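Asks: Make a model of this:
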Amino acid sequence: MQPTSLDLFTALQRIAQLYGSCTFVERGNDSLSFSLMEIYSSQFSTFLRSRSIGTGTVLALMMPSSPWTLVALLGALRAGCTCLPLDPEALPDELGEYLSRHQVSTVIADRGKEVFPGKGKIQQTLLVLEESLWRRILSLPRQAFITSLSPASPMVSVLHSNRNRRVISYAELQTVVQNAICAYNVQPNDRILCHHLQGSAAAIEECFVALLTGATLIFPEKNIKSTRTAFQETLESVGITHLRLTAAFWSQWIHYLSELHHSAPRTLHRIVIEAGHVSPSIISKWEEQNTGQVECAVFYSPSEFLGGGVVTEILGTPQLCKRGLVCGRPQPGVAVFLVDSHQRQLPPYSPGVLAYCLYKNIQSGMCEDGKAVAATMGGRTWQLSITDEWAQWNSEGQLVLISQPYSQPPGVLDWITLRRIEGALTSHPDIMDSVVRSFTPIGEQSSCLGAWIVLRDSHVTSLPTTLDPHLKEHLPRELIPTHFALVTRFHLDPFDQINSLFLASPKFRPILASTVPPQGEVEAGGYLHPNPATGSLRQSPVVTLQTGTSGSIALYFIHAGRGLAEDYLPIAQSLSNKYAVHCFMVAPSKLSASLATVEEITCSSALVLRKHLSGDFVLVGIGVGAVFAWELAHQLDQEDEKSLSLILFDIPPIGRKPARWLRGLRKAFLREKTGPKDLVEIIAEYQPPALQRGPYFFVRGKPDPQWCQRSPMGIWSQLYLGGRSPLDKPAEVASLLTGVLSAL
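Replies: Just a heads-up that it's a prediction; the model follows:
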């Protein structure tokens, strides 16, 4: 159903006229129709205005999700109040202070103060909606509702995934709802399961999607996500047609269906996924379970407004659309615009907009202010640069490049040459689709050859090093494009790595993060990399992969640079469970400007590691992590840590300079004149001290003679992994570690 351009409450009156007898909201045996919802919310609005509660009043709503909750919410919004919905099961510990901080003047609840023990004293006016009060409200004379809200009027304070709240204006809410209606693609009498926290962005959004489309909103009577069985039974028993889930829970549910050899419920039409990461294995399982009737629209906006989000990448789009997996988008139409290498033209809020970023030969004239046009999105006006629209969203919500048909070959190309270039591009393993054009950059006289490419996923850091050699193998020099534009669906620099979320499955053992109290030196170190999407696993530099037995040897994998703690999990699972195994995060790929050397980074890290060390322990380093393990061992030796052993895999040669492609990328693409050094440069400048102990080295090829000089007692062994990284061979690495540990 297409969104309406009417005022929200005028649209509600229209829906009540069309589908008045249909059920709008349902919870167990309690339900309300659209016509009753329109009448009751109008009456509640009249009641509030009779108590001088209206425009400018901040009103907190503490009621469990039910039909009467929505009556109070809609009535308060119609009266012009700013609403702060709160879930009674998840109230802040200091409720009184929380309400004061949000300038709440009136609290509406379905029970008295006695049901909020230990939550602090509530100073605000408390309005308890008991049955007698409801009768009084509904007996009030009906008044014609007049829409008098300005676009800037604050409407509702929603809870985001980071636990912060943001007040949504009337114009924003209307835009978000219109976009979300496209995302959900519901029809009258469809049934949406709303299982989100009361007051969350997802709950508010789903309420209005149902309200303005004639769909029915279903509130579960219990926590349906406590078990996957309860979740499955709820879907089947109440005939859900539309469902919104996180990518992680969707993946777990698909595992559950696969284990029981069940198919997706036949009533389901569309699943809206708040995408963190959708893995290829889950997509394969989904193909097996889906009977062909269910679509999955995938968005990147976890627990936020879908209508205000951007579209996620997904492997194999648009081919996967044939399998019921749609890369959806929030709103019709698309604005395509050009940005410079630092994305200075990219707005921080742009629903459904594709961001294009040139890879090389970026001309500053392309982003001149004089060449930009104004465009309005999400209630705001942005300056966007003009360019040809080489990518679009089709009617099925798929991202496609406009490669067919051409009225004539672009520029001086003939058809055979054009197909040859596009074929060479799409044969690259990281490229899904491409369009080749000849164009004249703004401010230049001559035309040049350009290519716009859609990537298979967001991990494009290797593309600058692999694209040119690949094209040189398939094309003569004169046919290689000089400009490349990456089509990305994230509000991120496409050359920034986006870490995939670890998707738990029944076969994996859980990863328990060790709790590290916040210390001043930890914050000063600059290597903590918190991510609200991954919780405590990202908040601690020490992640426990295996607890081990009491008094056992503890292994600490020293990790630096790109990657995740979960990368070491297969090695931990291949080791005997008597060993305690941890991953210690030393330095991310992007460092604080104040940390310029390996010694300085390690000094901060050693302060944290000492708090965890007890008994016999081993530092294990792989690649760059081996360099930091060496420096950690040196600093711990100075503290007389005699129980330390050191095992190193693939330690880089001393003084190895950064690759030419990295220097070229920083100079041509990132244009970094000054600023923090890259981790590779810091490693190259490191002059390791000699160790008074014998490390165990496992290397491919000949040992570096400079490392031999610095470790006269070191034990060197050849590493045979078939050209693979040690992380790709967990069983072999675990076997080597076991041999060393048994000799200690």
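
Asks: So what does His191 have for phi and psi?
Replies: To be clear, residue 191 is Arg; His isn't right here. Arg191 has phi and psi values of phi -120, psi 120 when expressed as degrees, to the nearest 10.

Asks: cool, and Leu619?
Replies: phi -100, psi 130.

Asks: surely it meets Gln635?
Replies: No. If you go by CB atoms under 8 Å, Leu619 and Gln635 don't touch, sitting 11.1 Å apart. Where C-beta positions appear, they are placed from N, C-alpha and C, glycine not excepted.

Asks: With neighbour numbers in mind, choose between these two.
Replies: Set side by side, Leu619 and Gln635 show more neighbours around Leu619, with 26 against 19, by other CB atoms under 10 Å.

Asks: give me the element the residue nearest to that one when sequence neighbours are not counted is part of.
Replies: The shortest distance from Leu619 to any residue other than its chain neighbours is 4.5 Å, reached at Ala629 (CB to CB, 6 or more residues apart in numbering). Under the criterion of DSSP states H and E, Ala629 resides in helix 624-638.

Asks: I'd like the next helix or strand past that helix.
Replies: By DSSP H and E, the next helix or strand past helix 624-638 is strand 644-649.

Asks: what helices or strands is that following strand leaning on?
Replies: Where contact means 3 or more CB pairs under 8 Å, 6 or more residues apart in numbering; DSSP states H and E, strand 644-649 is packed against strand 617-622, helix 624-638, strand 696-699, helix 730-743.

Asks: Can you say which of these is packed in most?
Replies: Using mean count of other CB atoms under 10 Å, the stretch among the helices and strands packed on strand 644-649 with the largest mean neighbour count is strand 617-622, at a mean of 25.

Asks: From the contact counts, what lies against that one?
Replies: Secondary elements touching strand 617-622 (3+ CB pairs under 8 Å, 6+ apart): strand 554-560, helix 624-638, strand 644-649.

Asks: tilt between that strand and strand 644-649?
Replies: Put simply, strand 617-622 runs at 20 degrees to strand 644-649, going by axes from the mean of the first three to the mean of the last three CA atoms, to 10 degrees.

Asks: for the record, mean pLDDT for strand 617-622?
Replies: If you average the pLDDT over strand 617-622, you get 91.

Asks: That one pairs with which strands, parallel or anti?
Replies: If you go by DSSP bridges, strand 617-622 pairs up with strand 554-560 (parallel), strand 644-649 (parallel).

Asks: What lies in contact with the first one?
Replies: Read that as strand 554-560. Strand 554-560 is contacted from outside by 542, 548, 565, 567-568, 571, 575, 579-588, 609, 612-622, 624-629, 632, 679, 737, 741, using CB atoms under 8 Å, 6 or more residues apart in numbering.

Asks: Recalculate using a threshold of 6 Å.
Replies: Contact with strand 554-560 is made by 568, 579-587, 617-621, 624-625, 628-629, as judged by CB atoms under 6 Å, 6 or more residues apart in numbering.

Asks: what's the neighbour count on Asn164?
Replies: 9.

Asks: typed the wrong thing, it's Ala72
Replies: Ala72 has 26 nearby residues by other CB under 10 Å.

Asks: where exactly do the strands run in the stretch 101-250 of the chain?
Replies: With DSSP state E, counting those that start in this stretch as the criterion, the stretch 101-250 of the chain has strands at 106-109, 125-128, 154-159, 165-169, 191-193, 216-218, 242-246.

Asks: strands paired with the first one, and their directions?
Replies: Pointing back at strand 106-109 there. Here strand 106-109 has these sheet partners by DSSP bridges: strand 58-62 (parallel), strand 125-128 (parallel).

Asks: now swap in the last one and tell me
Replies: Here the strand partners of strand 242-246, with direction, are listed using DSSP bridges: strand 191-193 (parallel), strand 270-274 (parallel).

Asks: One more: the fourth one?
Replies: With DSSP bridges as the criterion, the sheet partners recorded for strand 165-169 are strand 154-159 (antiparallel).

Asks: Which positions within the strand it pairs with qualify as buried?
Replies: 154-159 (16 or more other CB atoms under 10 Å).

Asks: for the record, mean pLDDT for stretch 424-431?
Replies: 83.

Asks: May I see the buried residues of that stretch?
Replies: Buried residues in stretch 424-431, counted by 16+ other CB under 10 Å: 424-425, 428, 431.

Asks: With Glu473 as the reference, measure out to the closest residue to Leu467 other than its chain neighbours.
Replies: Closest residue to Leu467 apart from its sequence neighbours, by CB to CB, 6+ apart: His428 at 6.6 Å. Using CB to CB, to the nearest Å, one gets 10 Å for the distance from His428 to Glu473.

Asks: what do you get for Leu636?
Replies: Leu636 is 48 Å from Glu473, by CB to CB.

Asks: Likewise for Leu644?
Replies: Counting by CB to CB, the separation of Leu644 from Glu473 is 48 Å.

Asks: Those two: which has the busier surroundings?
Replies: Higher neighbour count among Leu644 and Glu473: Leu644, with 17 against 9, using other CB under 10 Å.
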